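**Q** Show me how the following folds:
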Amino acid sequence: RRVPLAAAKLLGLYASFYRFVPALYILVAFVLLPALFLGLSAVWGASVGGGVALLIFILVVFVVFAFLWLVGWPVGSPLCYKVLSKDSREEGRKALEKADRE
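**A** Residues are numbered from 1 along each chain as shown. Modelled structure (predicted):
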């Protein structure tokens, strides 16, 4: 239960700073990812070897992106703080808490 709530708060925080985030989320979650997995399914149906290779490629891309986003390269400079700094995150959280109290 904590993971989806934390993800929703983080998505809301990004949306409060960047107005395009909700539209991007809808595009990725409901168009791009289903199209990616539909394409993977089609490749898998045509060639099991090709499907396995494509699946491994997709997983490697995802793991590399997650590593760069959360840890960064060089280690210690995650991309998530280049998009929205720690100070901006804290300001957004304080503004949200203040709005919730009102």
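
**Q** Please pull up the helix or strand immediately following the host helix or strand of A23.
**A** Assigned by DSSP states H and E, A23 falls within helix 21-27. Next in sequence after helix 21-27, counting helices and strands by DSSP H and E, comes helix 33-46.

**Q** burial count for Y25?
**A** By other C-beta atoms under 10 Å, the residues close to Y25 number 13. Glycine gets a C-beta too; all of them are placed from N, C-alpha and C.

**Q** Check the spacing between the nearest residue to it once chain neighbours are set aside and P4 real quick.
**A** Take Y25 and drop its neighbours on the chain: the residue closest to it by C-beta to C-beta, 6 or more residues apart in numbering is L11, 6.4 Å away. Using C-beta to C-beta, to the nearest Å, we find L11 at a distance of 10 Å from P4.

**Q** more neighbours, those two?
**A** The residue with more neighbours, out of L11 and P4, is L11; 13 against 8, by other C-beta under 10 Å.

**Q** wait, the more buried one sits on V21?
**A** Yes - using C-beta atoms under 8 Å, L11 makes contact with V21 at a distance of 7.0 Å.

**Q** Run through the residues that contact W73.
**A** With contact taken as C-beta atoms under 8 Å, 6 or more residues apart in numbering, W73 is in contact with F67.

**Q** What lies in contact with stretch 30-37?
**A** Residues from elsewhere that reach stretch 30-37 (C-beta under 8 Å, 6+ apart): I58.

**Q** Good, we can wrap up now.
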